[in-house]
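A.B. asks: my questions are about this predicted structure, shown below with the sequence.
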Amino acid sequence: MEFFTKTPAVRLKSHLNRYLTAGEDQSSTRQSRCGDVRLARWLVELVDTNPHVVRLKSCHGRYLTASAAAAADPIFLGRKVHQTLPENPARDLTIEWQPIRDGFQVKLKAAGCGTYLRANGAAPPWRNMVTHGGAAGPGNWLVWDVEAVEVAEDEAVVDYWSMVSSLSPVAEQISGLDIGGYGFESPVSVWSPAPATPLRWWSMKKVVIKI
């Protein structure tokens with residue numbers, strides 16, 4: 001869990017040296033060798049109601065989701081991993097993942113169904129697929145390298161406001177505020193949000209992605 005608590009965003013690299021990447025269609029996910037783009041960056045949301053899990057949000061503002069949709073070969077490959085935006089993220093377990101340390105790497109266990117995020121290493125066209133399934137099969141499919149990523153402060157403000165708007169009626173109460181020229185009135189630091197906010201940001205300089 002410590003991999004995720006000290007950084008605002010991460011990149012996840014599979015055993016194939018490919019990064020977990022959000023599809024441009026704002027729904028699919030895949031593995032890609034190109035990690036120096038926004039599509040490979042996932043914002044980290046810590047969950048106040050469960051300190052053992054995290055939510056990962058793509059550059060499209062959608063969450064990494066353990067869907068019920070079967071992959072091409074569900075017995076071998078498991079089920080699909082999508083980007084989604086649930087109506088009530090705070091109550092949706094399909095977007096919550098439990099990081100489990102495995103040496104210097106992590107496994108990500110789906111909180112809702114107990115399956116694991118898997119980087120498929122089968123022959124094409126399944127090689128670049130990302131699915132979730134049981135622990136059976138090649139063990140290296142389940143482990144990921146975690147790289148910390150910095151997020152520009154102005155971009156973080158926008159992401160923070162987007163998160164507040166989607167999660168809570170609090171958005172209506174603060175809609176007249178002004179944050180750093182983004183249309184609100186009193187300065188609010190996205191790096192130190194109010195206690196009621198289900199998201200905490202930290203800074204950790206390890207990998208820097210220029211956006």
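C.D. replies: Here it is on my side, so go on.

A.B. asks: low-confidence regions, this protein specifically.
C.D. replies: The model of the chain has pLDDT under 70 over residues 72-77, 122-126, 153-211.

A.B. asks: now do the strands in it.
C.D. replies: For the chain, the strands defined by DSSP state E occupy 9-13, 19-22, 29-32, 42-46, 54-57, 63-70, 79-84, 97-102, 105-110, 116-119, 130-133, 145-149.

A.B. asks: how many neighbours does residue 47 have?
C.D. replies: Neighbours of residue 47 under the rule other Cβ atoms under 10 Å: 19. Backbone N, C-alpha and C define where each C-beta goes, glycine included.

A.B. asks: next one: the nearest residue to residue 28 once chain neighbours are set aside from residue 145, what distance?
C.D. replies: Distances taken as Cβ to Cβ, 6 or more residues apart in numbering put residue 82 closest to residue 28, at 6.7 Å, once the chain neighbours are dropped. Using Cβ to Cβ, to the nearest Å, residue 82 is found at 22 Å from residue 145.

A.B. asks: neighbour count for these two, which is higher?
C.D. replies: Using other Cβ under 10 Å as the criterion, residue 82 and residue 145 rank with residue 82 on top: 22 against 16.

A.B. asks: circling back: list the contacts for the residue nearest to residue 28?
C.D. replies: Going by Cβ atoms under 8 Å, 6 or more residues apart in numbering, residue 82 touches 27-29, 65, 67, 69.

A.B. asks: recalculate using a threshold of 7 Å.
C.D. replies: Applying Cβ atoms under 7 Å, 6 or more residues apart in numbering to residue 82 gives the contacts 27-29, 65, 67.

A.B. asks: test my guess that residue 1 contacts residue 100.
C.D. replies: No: the pair residue 1 and residue 100 fails to qualify as a contact (Cβ atoms under 7 Å) at a distance of 8.6 Å.

A.B. asks: re earlier: in JSON lines, list the strands of the chain along with distance to residue 139.
C.D. replies: Formatted as JSON lines, the strands of the chain follow (distance: least, Cβ to Cβ, whole Å):
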{"stretch": "strand 9-13", "distance to residue 139": "16"}
{"stretch": "strand 19-22", "distance to residue 139": "18"}
{"stretch": "strand 29-32", "distance to residue 139": "17"}
{"stretch": "strand 42-46", "distance to residue 139": "23"}
{"stretch": "strand 54-57", "distance to residue 139": "22"}
{"stretch": "strand 63-70", "distance to residue 139": "19"}
{"stretch": "strand 79-84", "distance to residue 139": "19"}
{"stretch": "strand 97-102", "distance to residue 139": "9"}
{"stretch": "strand 105-110", "distance to residue 139": "9"}
{"stretch": "strand 116-119", "distance to residue 139": "10"}
{"stretch": "strand 130-133", "distance to residue 139": "13"}
{"stretch": "strand 145-149", "distance to residue 139": "15"}
